[in-house]
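# task: produce atomic coordinates for the following.
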Amino acid sequence: MISIIIPVYNQAQKLIQTLKSLEAQTYHDFEVIIVNDGSSDRLEEVFGDYSKGLTAERRYLFINQDNQGAPAARNRGLQEARGEYLLFCDADAILRPEALEKMLTSLTTHPEASYVYSSFYWGKKLFKLGPFDPEQLKREPCIHTMSLIRRSDFPESGWDENIKKFQDWDLWLTMLAAGQVGLWIPEVLFTIIPGGTISAWLPRAAYRLLPFLPAVKKYQAARRVIQEKYGL
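Residues are numbered from 1 along each chain as shown. All right, here's what the predicted structure looks like:
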């Protein structure tokens, strides 16, 4: 079974779109754990209205907590997870109907991999990833959070709740340090609805040519935190 853990902060309407895409999956053996990280947009009420139309086919768990950030919300959901596989799903992601099936098939047929990941769209922009490359991973964040992970290989320490940015990069580097690698699925399996945390995306050239921009300065400061943690 796949445990899908969704941390949510003030994205009630986007969450419903995410849940609808999960209900449309060709693979059905999964549970959904939603962690409301102190939202103020009637998230619980909106989910409650939506859940009235759900069947008892699978487990949905809704958890409220004070605002502590996405890593803490993911760790809280992990405590309740029952599955052999984990998917930390963004609340603004729309999954292709075959996403879960393709990820699980790829992971079960490649025992050397601890997780699988795919390319994706952010709005209309394609983020085309590539084959797993440990050296590239050490240089830059290049794998999205929304990867299917073997529960048995997930770090016992969980998500580092002190990391505010590059939480995905931090996780994959932690797993790499333990000798665990990923596998790329050369397809687009989900789309991120613009307006969430990734909405601050800038073209790659901006980080080299416009170092004075506040967004670039913040990016570089967060990058140094990860580099110092792993001695990169």
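# surely residue 195 and residue 91 touch.
No. No contact is recorded between residue 195 and residue 91 when judged using C-beta atoms under 8 Å, the distance being 11.0 Å. Where C-beta positions appear, they are placed from N, C-alpha and C, glycine not excepted.
# common neighbours of the two, please.
residue 14 (C-beta atoms under 8 Å, 6 or more residues apart in numbering).
# what helices or strands is the strand ranked longest in the chain leaning on?
Among all segments of the chain classified by DSSP state E, the strand with the greatest residue count is strand 182-192. Under the contact criterion of 3 or more C-beta pairs under 8 Å, 6 or more residues apart in numbering; DSSP states H and E, strand 182-192 touches strand 93-95, helix 99-108, strand 115-122.
# next, the angle from it to helix 99-108.
Computed by axes from the mean of the first three to the mean of the last three C-alpha atoms, to 10 degrees, the angle separating strand 182-192 from helix 99-108 equals 170 degrees.
# using CSV, list the CA coordinates for strand 182-192.
Backbone C-alpha positions of strand 182-192 (Å, rounded to 0.1, in the frame of the first residue of the first chain) are rendered in CSV as follows:
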residue,chain,number,x,y,z
GLY,A,182,16.9,7.2,-7.0
LEU,A,183,15.5,6.2,-10.4
TRP,A,184,14.1,8.6,-13.0
ILE,A,185,10.9,7.8,-14.8
PRO,A,186,11.3,9.6,-18.2
GLU,A,187,7.7,10.9,-18.3
VAL,A,188,5.6,13.8,-16.9
LEU,A,189,3.5,12.4,-14.1
PHE,A,190,2.1,15.5,-12.4
THR,A,191,1.5,19.2,-12.7
ILE,A,192,2.0,21.8,-10.0
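# list the buried ones in it?
Burial within strand 182-192, assessed by neighbour count using 16 or more other C-beta atoms under 10 Å, is assigned to 182, 183, 184, 185, 188, 189, 190, 191, 192.
# next one: stretch 93-110
Using 16+ other C-beta under 10 Å as the burial criterion, the residues of stretch 93-110 that qualify are 93, 94, 95, 96, 99, 100, 102, 103, 104, 106, 107.
# OK, contacts around the third one?
By that I understand residue 95. Counting by C-beta under 8 Å, 6+ apart, residue 95 makes contact with 18, 21, 22, 25, 89, 189, 190.
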